[in-house]
Structures are given as structure tokens and as C-alpha cells.
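**Student:** Sequence and predicted model, in that order:
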Amino acid sequence: MNDIISFLGEHIQMIYILILSVFVGIEVISKVPSVLHTPLMSGANAIHGVVIIGSIIVMLNTEPDNYLLLGLGFLAVILGTLNVVGGFVVTDRMLEMFKKKKK
């Protein structure tokens, strides 16, 4: 318990920044019109390619016998890839809505 209290005391400024960023994020997202929300979120999902690169780097720098980190890295690669692909699929479907229909 003392470790947790000392950790919070040492990192109180970071905790304040985290709390403020949550409030700013909620305020910014609530101002986005619903028409733009899906394209913006699908584009944001494509940014998760950073997660894929980061997890690959972690897996490359992990000891071969550390199965926990290798498993978590593999899971991060899979989930990040699904998020990126899903973002592109949703973006493609949204763009299809604005194309002229063939007669």
C-alpha cells in the first residue's frame, strides 16, 4: 500500500494531465457532428499502425523464453491489425455511400 501511495505522490502531475486530457477528449468528441463521427473514428483506427510497430519492436527485444511478453506482443499485433483493417473497411463503406449509382 505504501508503494502505491509513494508512486501516486511521485507522479501526481502526470495523473493531473491524464485526468485533464480525459475531460478535454470528452469535450472535443462531444462537439463532433454525428455525420462526421464514423469517418473520423475509422481514420483514427488506421493510426493504430503505431501499436503494431511498437508491439513488433517489443517482441524483437524480448528474451525468447519470456512467453508472457511474446504472447502479449502477438496479441497486440493481432488486435492492432484488426483495428487498422476495420478502420479501412468502414472508411471504404462510407466512401461508397457518396459515389453515384450506376443505372
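**Tutor:** Right, received. Where do you want to start? Residues are numbered from 1 along each chain as shown.
**Student:** What are the buried residues along the longest helix along the chain?
**Tutor:** With secondary structure taken from DSSP state H, the chain has its longest helix at helix 67-97. By neighbour count on 16 or more other CB atoms under 10 Å, the buried set for helix 67-97 is Gly73, Ala76, Val77, Gly80, Asn83, Val84, Gly87, Val90, Thr91. For glycine as for every other residue, the C-beta is placed from the backbone atoms N, C-alpha and C.
**Student:** closest to Met14 among the residues you listed?
**Tutor:** Of all these, Met14 sits closest to Ala76, with 22.7 Å by CB to CB.
**Student:** if I pick that closest one, what's in contact with it?
**Tutor:** Counting by CB atoms under 8 Å, 6 or more residues apart in numbering, Ala76 makes contact with Val51, Ile52, Gly54, Ser55, Val58.
**Student:** circling back to that earlier point, let me know the closest of the buried residues of helix 67-97 to Leu18.
**Tutor:** Using CB to CB, Ala76 comes nearest to Leu18 of the buried residues of helix 67-97, at 21.0 Å.
**Student:** what about that closest one, distance to Val51?
**Tutor:** Separation of Ala76 from Val51 (CB to CB, to the nearest Å) stands at 6 Å.
**Student:** now swap in Leu40 and tell me
**Tutor:** From Leu40 over to Val51 the distance is 18 Å, taken as CB to CB.
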